[in-house]
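> can't give you the sequence, but here's the structure:
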């Protein structure tokens, strides 16, 4: 796999999108609204590996709780005091806090002098209540982000509201467009192991790539990943599925997570082609993705299933934007259809793209192993793919046109009594 070329470094997941490692976080709040905000942050996908405990009582409760026992990796304490009174309260906490513990202080006043004094003494951060869950997540992530670590890729998951909705075809075409027209290094991962079509759609032989990676994810380093991927031009790589029925595919959900994490370490954009099914690994993959695209056809089954998917995703990702809805195969002759307006009213979100029923274009592209934009670059479907690719990446058409041109709380050190 090639390294990120010039011009692609600005794309990928934001620094705070990097999942927080497996750490213990204990928070002691003075006010219920602070506790509620922290609980919402703790339920976020980016903190799924961390263990967060929230209770009331403030710094006094923290001092009492940790007297005689180890403090967690991260301690969040709220004080209703300010100025010297707040510092005196923190002095008492210093006597029971381990040196390696990072401490975030929450206050009710925007006290610049208090902030400076806390930073001088080695506090990790001072936050002013009321708290925003997303800001809390960003702060915690920043505390554990290695400044030497490379940026991670942004994961876009495509899932169909029903079988045959065209989710795989759209995932492959959007991934190709991001790579070829927007010049962003992209890897398409086909997780439909028995029936995947990435190999067919790109006129490549189906390989054992994804299946081999899932069977031993702990071995998936850069060298093995490069060997398993199929290169398609300068910016596009394929992680194809076996598309064979001669074996069982029963990898654990953690294996899928490990494979995605390995790919996003080396590729700015990761497009995940998710099969139409409902298993623990599919749900966890959707919940963990940076962006979700639900592809539906204008029929009742798609309407019901898309609505269910959106509700599950929204409940599991309260701090994220809603999934993007794409309506495919619109305008099929002699077929009664649900208007896109009715889709939008039922889902509570407007479709981001509407692709017309065009069997000639889609059939020609599939039979030739080409993308829609290669067959008819100015068709309505091709333009919809372009708009979706630009929406997902935040890149304008001009980009494609120009192608070729945390500190330790040292204040506490040595103060804890043996």
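All right, it came through fine. In this text the structure is predicted, and so the values were computed from the model without any measurement.

> alpha carbons only for contacts and neighbour counts from here, please
OK.

> Report how many residues lie close to the nearest residue to residue 63 once chain neighbours are set aside.
Taking C-alpha to C-alpha, 6 or more residues apart in numbering as the measure, residue 63 lies nearest to residue 93, with 5.3 Å between them; neighbours along the chain are not counted. Other residues near residue 93 number 23, with proximity taken as other C-alpha atoms under 10 Å.

> Would you mind confirming that residue 93 makes contact with residue 58?
No - when contacts are counted by C-alpha atoms under 8 Å, residue 93 is not listed as touching residue 58 (10.6 Å).

> domain ranges for this protein?
Per the record's domain assignment (automatic domain parsing), the chain is made up of the domains 19-143, 154-376.

> burial of residue 117, as a residue count?
Burial of residue 117 is recorded as 14 neighbouring residues (other C-alpha under 10 Å).

> Quickly note the distance from it to residue 125.
As defined by C-alpha to C-alpha, to the nearest Å, residue 117 lies at a distance of 11 Å from residue 125.

> same deal with residue 142?
Counting by C-alpha to C-alpha, the separation of residue 142 from residue 125 is 10 Å.

> Same question for residue 22.
The gap separating residue 22 from residue 125 is 20 Å, by C-alpha to C-alpha.

> between the two, which one's more packed in?
When residue 22 is set against residue 125 and neighbours are counted by other C-alpha under 10 Å, the residue ahead is residue 125, at 19 against 12.

> For residue 353, list the residues it contacts.
Contacts of residue 353 were listed using C-alpha atoms under 8 Å, 6 or more residues apart in numbering, and they are 325-327, 384-385, 387-388.

> Which of those fall within strands?
When DSSP state E is applied, those are split such that 325-327 fall in strands.

> Give me the below-cutoff pLDDT ranges for the stretch 251-400 of the chain.
Scanning the stretch 251-400 of the chain for pLDDT under 70 picks out the ranges 396-400.

> What ranges does it have for its strands?
Counting by DSSP state E, counting those that start in this stretch, the stretch 251-400 of the chain forms strands over residues 269-274, 291-296, 324-330, 353-356, given from the N-terminal end onward.

> What pairs with the shortest one, parallel or antiparallel?
When pairing is defined by DSSP bridges, strand 353-356 lines up against strand 324-330 (parallel).

> And the contacts of the strand it pairs with?
Applying C-alpha under 8 Å, 6+ apart, the external contacts of strand 324-330 come out as 165-166, 291-298, 337, 340, 349-358.

> ok, now with 7 Å
Under the contact criterion C-alpha atoms under 7 Å, 6 or more residues apart in numbering, strand 324-330 has outside partners 165-166, 292-298, 351-357.
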